[in-house]
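> 3D model of this:
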Amino acid sequence: MSARAVVTILTSAVGLGVYIPALLIERKLRSRQVIVDVEVIEGYYKPSYQQSHRAIRDAHHASFALAQLAHRMARGIEHCLDKARVEALLARWHQEDRRHFIVWSGFWLPLLERYREVQRGKRLEVDHCRIDAVISASFKVHTGIENADHEVWLWNWAQRRIEHEVAVTDAPPIPFAAREDRLVVHGGGWGIGTYRMAIPELARTPYALDVVIYHPSEAPHARTDDRVYMLHSAWNAWDRDAAGVLAFPPMQEVIDRTAVPALRNADHHSMHDVIRASKAIVSKPGGCTLIDSLAAATPVVLLQPFGYAEETNATIWKHLGFGISYTAWRETGYDEAVLARLHANIIRRTRGIDYAEAYIDQLLETSR
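The predicted model follows:
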């Protein structure tokens with residue numbers, strides 16, 4: 001494959017909904033001998049803004065109202081960037097004549113525009129991957145400079161359908177009847193939303209809980225069959241291993257309020273294996289949650305969404321019969337039969353195009 005076929009995947013640490021699918025696509029492309037480079041925009045922040053990123057994450061976890069307000073006031077992040085490191089990155093792309101880009105975060109768009117200028121009219125093949133059912137905030141703040149590229153929708157409310165899918169593993173979904181009576185409860189990568197308020201109610205149901213918390217001190221009183229997990233607190237999405245490879249989020253199990261190493265997988269995010277074996281995900285409708293839902297045929301019990309885009313995600317999941325609001329499910333008495341029907345709907349769905357496989361086919365075609 002020619003040097004021009006190097007694929008650059010651009011993502012962000014602002015949420016695991018755009019980070020995890022970027023790595024899933026990277027792993028699939030690498031498995032087919034495609035040369036891939038993944039970049040996380042926060043890795044090019046000035047150190048002070050990297051510290052601020054972590055502080056903001058903590059603040060948004062602590063206050064969902066603050067997180068909602070910040071989401072409505074989203075703006076570009078160019079002021080956060082280390083100018084010298086960005087210039088070095090663009091120079092490297094130019095030296096290597098990078099032409100193929102997969103963009104999961106719109107915060108990269110101003111840098112891509114600068115790169116177009118450096119390339120002096122050479123054609124770039126750029127996919128804008130839509131993780132939400134409408135244009136998400138990181139792209140919306142740059143709508144004036146994104147119209148020339150190719151849109152890749154996973155689910156699209158305007159079309160009322162699934163358009164593309166991101167495979168997580170090669171394993172088929174576990175039959176619903178073979179799953180344990182377990183629910184996965186989480187608030188996305190930053191632990192945002194109303195999931196903590198749902199835990200005491202769910203603990204009074206017959207379902208065992210797999211709860212993802214933000215800090216060991218938040219561990220609920222676990223019943224015998226409950227399990228508690230958390231993301232390793234020292235991990236940053238832009239951290240690379242000795243080989244320069246970005247990792248899926250390292251998860252720990254919390255036992256007696258102490259976090260111990262538990263789940264790690266080089267090929268996909270390890271919580272997906274927990275989700276595959278559960279009967280529902282109880283969560284806000286973030287992008288990676290919906291990827292997990294489709295890939296595992298695990299329905300989503302929808303908590304309050306984070307922002308306008310997740311609100312539309314919830315709307316399309318209910319419309320397609322893949323999810324139900326938490327309030328509506330509670331009114332059924334937490335009926336397992338409801339979850340079974342939603343699972344069956346996901347199994348019977350009209351499948352979207354496998355994005356990674358289609359991308360590889362297109363790349364091979366244009367490289368001939």
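> residues touching the nearest residue to R32 once chain neighbours are set aside, list them.
Spatial nearest neighbour of R32, chain neighbours left out: I360 (5.2 Å); criterion: C-beta to C-beta, 6 or more residues apart in numbering. (C-beta placed from N, C-alpha, C; glycine too.) By C-beta atoms under 8 Å, 6 or more residues apart in numbering, the contact list for I360 reads 28-29, 32, 34.
> which among those end up buried?
28-29, 34 (16 or more other C-beta atoms under 10 Å).
> next helix or strand past the helix or strand R196 falls within?
In this assignment (DSSP states H and E), R196 forms part of helix 195-202. For helix 195-202, the following helix or strand on the C-terminal side (DSSP H and E) is strand 208-213.
> now that next one - C-alpha only, CSV.
Below are the C-alpha coordinates for strand 208-213, written out as CSV (Å, rounded to 0.1, in the frame of the first residue of the first chain):
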residue,chain,number,x,y,z
ALA,A,208,-27.7,-7.7,40.1
LEU,A,209,-25.9,-4.5,39.2
ASP,A,210,-22.6,-3.8,37.5
VAL,A,211,-22.0,-0.1,38.4
VAL,A,212,-19.3,2.1,37.0
ILE,A,213,-18.4,4.8,39.5
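> which neighbours does the following helix or strand past that strand have in its sheet, and in what orientation?
Downstream of strand 208-213, the first helix or strand assigned by DSSP H and E is strand 227-231. Partners of strand 227-231 in the sheet, by DSSP bridges, are strand 208-213 (parallel), strand 251-255 (antiparallel).
> average pLDDT for the longest one, rounded please.
Predicted confidence along strand 208-213 averages 94 (mean pLDDT).
> got the angle between that strand and helix 195-202?
160 degrees (axes from the mean of the first three to the mean of the last three C-alpha atoms, to 10 degrees).
> off-centre distance for strand 208-213?
19 Å (C-alpha atoms, centre = their mean, to the nearest Å).
> other residues contacting that strand?
Contact partners of strand 208-213, identified using C-beta under 8 Å, 6+ apart, comprise 180-187, 191, 199, 202-203, 219-220, 222-223, 225-231, 251, 254, 271, 274, 278.
> nearest to K284 among the buried ones among the contacts of I360?
Nearest to K284, judged by C-beta to C-beta, of the buried ones among the contacts of I360 is K28 at 26.6 Å.
> which ones are touching the closest one?
Going by C-beta under 8 Å, 6+ apart, the list of residues near K28 reads 167, 356-357, 360.
> and what about T315, helix, strand or coil?
Following DSSP: H, G, I helix; E, B strand; the rest coil, T315 is assigned to helix.
> W157 is in contact with that one, correct?
Yes. In this structure, T315 is within contact of W157 by C-beta atoms under 8 Å, at 6.4 Å.
> what residues are shared contacts of the two?
Common neighbours of T315 and W157, using C-beta under 8 Å, 6+ apart, are A133.
> please enumerate the strands of the stretch 251-368 of the chain.
251-255, 258-263, 280-283, 300-302, 323-325, 353-354 (DSSP state E, counting those that start in this stretch).
> quick one, which of the strands paired with strand 227-231 is packed in tightest?
Of all the strands paired with strand 227-231, strand 208-213 carries the top mean neighbour count, a mean of 23, counting by mean count of other C-beta atoms under 10 Å.
> and the residue of the chain most remote from its centre, how far is that from L109?
In the chain, counting by C-alpha atoms, centre = their mean, R120 sits farthest out from the average C-alpha position, at 33.6 Å. Going from R120 to L109 by C-beta to C-beta, to the nearest Å gives 19 Å.
> ok, back up a step: which of the contacts of K28 has the most neighbours?
Taking other C-beta atoms under 10 Å as the neighbour criterion, A356 ranks highest of the contacts of K28 with 23 neighbours.
> which residue is the nearest non-sequential neighbour of that residue?
Nearest to A356 is K28, by C-beta to C-beta, 6+ apart, at 3.9 Å.
> name the helix or strand for the one you found, please.
Going by DSSP H and E, K28 is in helix 16-31.
> if we can go back for a sec, pick the one among the buried ones among the contacts of I360 closest to E365.
Checking the buried ones among the contacts of I360 one by one against E365 (C-beta to C-beta), the nearest turns out to be V34, at 13.2 Å.
> helix or strand: which one has the closest one?
Using DSSP H and E, V34 sits within no helix or strand.
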